[in-house]
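In: Fold the following, please.
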Amino acid sequence: GNVERMLPHLRRLGLEVYPIPVASTRATAVAWDQLVIPPTVPRGQPIPISLAVSNGTDAPQPATVSVSVEGVTLASRRVGVQPGSRVLSLSVPSFESGTMALRVSLALGDQPPEERTAYVDIQGPPRILAVLERPTELPPIAAALKHRQIDVAVATPAELPTDPSALLDYDAVLLAKELI
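Out: Have a look, this model is predicted:
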């Protein structure tokens, strides 16, 4: 309601009003309110990252924003967080199709960093490994797949990795003496 409109009613009732200033509800430091990362990004496009922060002090506060994947730092930026609500933005590259776990940290001054994890699905064409005895002669099926914008990697049987987990980078593996 409107306090000024209520004062005459209170005075008619014989009540005296003594205004007391209300303490500020603003925070006294920088708070990280929200992390915004799109759920999907096309492969090869940068992944936009936004941090919504609020600085309740009257002066800019130094901060460092870092983004890492599996312990490898992809981006790090020092910023000055101005008073009020702000959005800090940066981007990191998308690598391969699949899910990336991004670890985002915000360090304020000499305080330990606050960390959050977000997942983004990197979308792209399927990747196929064609294992051929003669990799110099690309069979018609591989050419047709490339025409459909499907990534086709070619290897000989001797070049196949001994660790099967290395094949997880591909959506399919075509093993053939000759592909028609």
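In: where does the chain dip in pLDDT?
Out: Confidence mapping of the chain against pLDDT under 70 gives the ranges 1-4, 19-28, 177-180.
In: can you pull out the helices in it?
Out: According to DSSP state H, the chain carries its helices in the segments 3-12, 140-147.
In: Same question for stretch 61-75: list its buried residues.
Out: Neighbour counts over stretch 61-75 (16 or more other C-beta atoms under 10 Å) mark Gln61, Ala63, Val65, Ser66, Val67, Ser68, Leu74, Ala75 as buried. Placement of C-beta: from N, CA and C, glycine included.
In: okay, among the residues you listed, which ones form the most distant pair?
Out: Farthest pair in the buried residues of stretch 61-75 (C-beta to C-beta) is Gln61 and Leu74. Separation: 23.9 Å.
In: how close does Ile47 get to Thr40?
Out: Separation of Ile47 from Thr40 (C-beta to C-beta, to the nearest Å): 10 Å.
In: who touches both of these two?
Out: Residues touching both Ile47 and Thr40 (C-beta atoms under 8 Å, 6 or more residues apart in numbering): Val120.
In: what about these two, which has more around it?
Out: More crowded of Ile47 and Thr40, by other C-beta atoms under 10 Å: Ile47, with 22 against 9.
In: For that one, give me its contacts.
Out: Residues in contact with Ile47 (C-beta under 8 Å, 6+ apart) are Ile37, Pro38, Val41, Ser91, Val92, Pro93, Ser94, Met100, Leu102, Val120.
In: what do you get if the cut-off is 10 Å, keeping everything else the same?
Out: 37-38, 40-41, 67, 74-75, 90-95, 100, 102, 118, 120, 122 (C-beta atoms under 10 Å, 6 or more residues apart in numbering).
In: Only the buried members of those residues: can you turn that into a ChimeraX selection?
Out: Command for ChimeraX that selects the buried part of the contacts of Ile47, burial taken from 16+ other C-beta under 10 Å:
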select :37,41,67,74,75,90,92,94,100,102,118,120,122
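In: Disregarding flanking residues, what is the spatial nearest neighbour of Gly44?
Out: Among residues not flanking Gly44 along the chain, Ser94 sits closest, at 6.4 Å (C-beta to C-beta, 6 or more residues apart in numbering).
In: Then Thr40?
Out: Spatial nearest neighbour of Thr40, chain neighbours left out: Asp121 (4.6 Å); criterion: C-beta to C-beta, 6+ apart.
In: so what's that neighbour bridging to?
Out: Residues in a beta bridge with Asp121, per DSSP bridges, are Thr40, Thr99.
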